[in-house]
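K.L.:
Sequence below, structure please.
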Amino acid sequence: MSMGTITNRLGLLILRATLGAIFIWHGLDKVMSATGDWGASWATELWLREASPPRAANDRLDAMTTDSPAAWLEEGDELDPQDKDSEEKIKKLAERRRRVTRDRLARAYSKGAQPLPETLNSAAAQYAVAWGELLGGLALIVGLLTRLAALGLAVIQLGAIYFVTGAMGLSGPGGPGTVGFEYNLALVAMCLVLMLEGPGAWSADHFLNWGRRPRGETTPAAH
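P.N.:
Alright, predicted model coming up:
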């Protein structure tokens with residue numbers, strides 16, 4: 001076996017394993033979502049979460065209210081943090097301002113949230129994407145029906161670009177590091193390589209094709 005052949009086989013194996021692991025991870029995340037519905041509402045759950053402030057932000061507001069209520073005081077407040085008689089008033093003021101801030105933050109996130117794409121409104125579509133990623137990833141890992149699995153996964157990623165990330169630009173509105181369609185595009189390119197090159201010799205597809213002769217080839221006559 002030539003070095004070039006080994007390099008080709010190893011390269012396709014690494015590509016399949018990496019791409020398969022990525023899709024298995026994301027598929028499992030959708031299938032095992034908090035709702036426990038096996039992937040039938042992962043998108044609904046995700047969009048609702050995106051329409052709400054991060055939990056860490058609210059936790060910090062709560063911590064500031066509990067640990068240092070005087071931090072909520074504003075210029076013009078006639079309350080002295082050092083005055084024991086004012087301590088309870090400061091705590092009540094801090095709690096009131098915390099509630100107002102949380103409410104404004106929630107409204108800001110809700111107002112700027114994008115609606116759930118029409119194609120993902122049905123449980124069937126969300127279920128298909130979740131299990132498509134999981135089973136497609138497993139197929140790539142073992143190299144079974146590789147081209148078909150890569151095609152299906154590429155379609156899922158093209159759908160994500162068209163309906164979700166495409167409008168955000170390549171790297172997102174905030175530049176590199178924010179959400180855009182560059183990640184989806186990279187996955188599509190990886191899938192296309194497998195569709196063109198196939199799974200390689202170290203795969204279930206290759207094993208299942210052992211012993212099969214190309215169409216039209218005949219067995220040499222015995223002498």
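K.L.:
Please count neighbours and contacts with C-alpha atoms only from this point.
P.N.:
Fine.
K.L.:
For the closest residue to residue 21 other than its chain neighbours, which residues are in contact?
P.N.:
Nearest-residue entry for residue 21: residue 137, 6.3 Å, with adjacent residues in sequence omitted and distances by CA to CA, 6 or more residues apart in numbering. If a contact means CA atoms under 8 Å, 6 or more residues apart in numbering, then residue 137 has 19, 20, 21, 22, 23, 24, 149 as its contacts.
K.L.:
For residue 144, grab phi and psi.
P.N.:
Per-residue torsions, residue 144: phi -110, psi 130 (degrees, to the nearest 10).
K.L.:
Is it in contact with residue 200, as I believe?
P.N.:
No. With contact taken as CA atoms under 8 Å, residue 144 and residue 200 are classed as non-touching, separated by 10.9 Å.
K.L.:
from the contacts of residue 137, which is closest to residue 75?
P.N.:
Using CA to CA, residue 22 comes nearest to residue 75 of the contacts of residue 137, at 51.4 Å.
K.L.:
host element of the closest one?
P.N.:
Element membership of residue 22 [criterion: DSSP states H and E] is helix 3-31.
K.L.:
which secondary structure elements does that helix contact?
P.N.:
helix 123-142, helix 182-197 (3 or more CA pairs under 8 Å, 6 or more residues apart in numbering; DSSP states H and E).
K.L.:
one more time with 10 Å
P.N.:
Contacts defined by 3 or more CA pairs under 10 Å, 6 or more residues apart in numbering; DSSP states H and E place helix 3-31 against helix 42-50, helix 123-142, helix 146-160, helix 182-197.
K.L.:
Now render those as JSON lines, adding mean pLDDT and distance to residue 5.
P.N.:
JSON lines is the format used below for those (pLDDT from 0 to 100; distance: least, CA to CA, whole Å):
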{"stretch": "helix 42-50", "mean pLDDT": "81", "distance to residue 5": "42"}
{"stretch": "helix 123-142", "mean pLDDT": "94", "distance to residue 5": "19"}
{"stretch": "helix 146-160", "mean pLDDT": "95", "distance to residue 5": "19"}
{"stretch": "helix 182-197", "mean pLDDT": "95", "distance to residue 5": "13"}
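K.L.:
now those in a markdown table, with distance to residue 69?
P.N.:
Shown next, in a markdown table, are the helices and strands packed on helix 3-31 (distance: least, CA to CA, whole Å):
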| stretch | distance to residue 69 |
| --- | --- |
| helix 42-50 | 28 |
| helix 123-142 | 44 |
| helix 146-160 | 44 |
| helix 182-197 | 43 |
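K.L.:
Can you check which of the ones you listed gets nearest to residue 207?
P.N.:
Between these, helix 123-142 lies closest to residue 207; by CA to CA that is 10.8 Å.
K.L.:
pLDDT score assigned to the most centrally placed residue in the chain?
P.N.:
Centroid-nearest residue in the chain, with CA atoms, centre = their mean: residue 26, separated by 5.7 Å. What the model reports for residue 26 is a pLDDT of 94.
K.L.:
contacting residues around the lowest-mean-pLDDT helix or strand in the chain?
P.N.:
Using mean pLDDT, DSSP states H and E, the weakest-scoring helix or strand in the chain turns out to be helix 42-50, at a mean of 81. Outside helix 42-50, the residues within contact range by CA atoms under 10 Å, 6 or more residues apart in numbering are 29-36, 55, 109-110, 112-117, 120-123, 125-127, 129-130.
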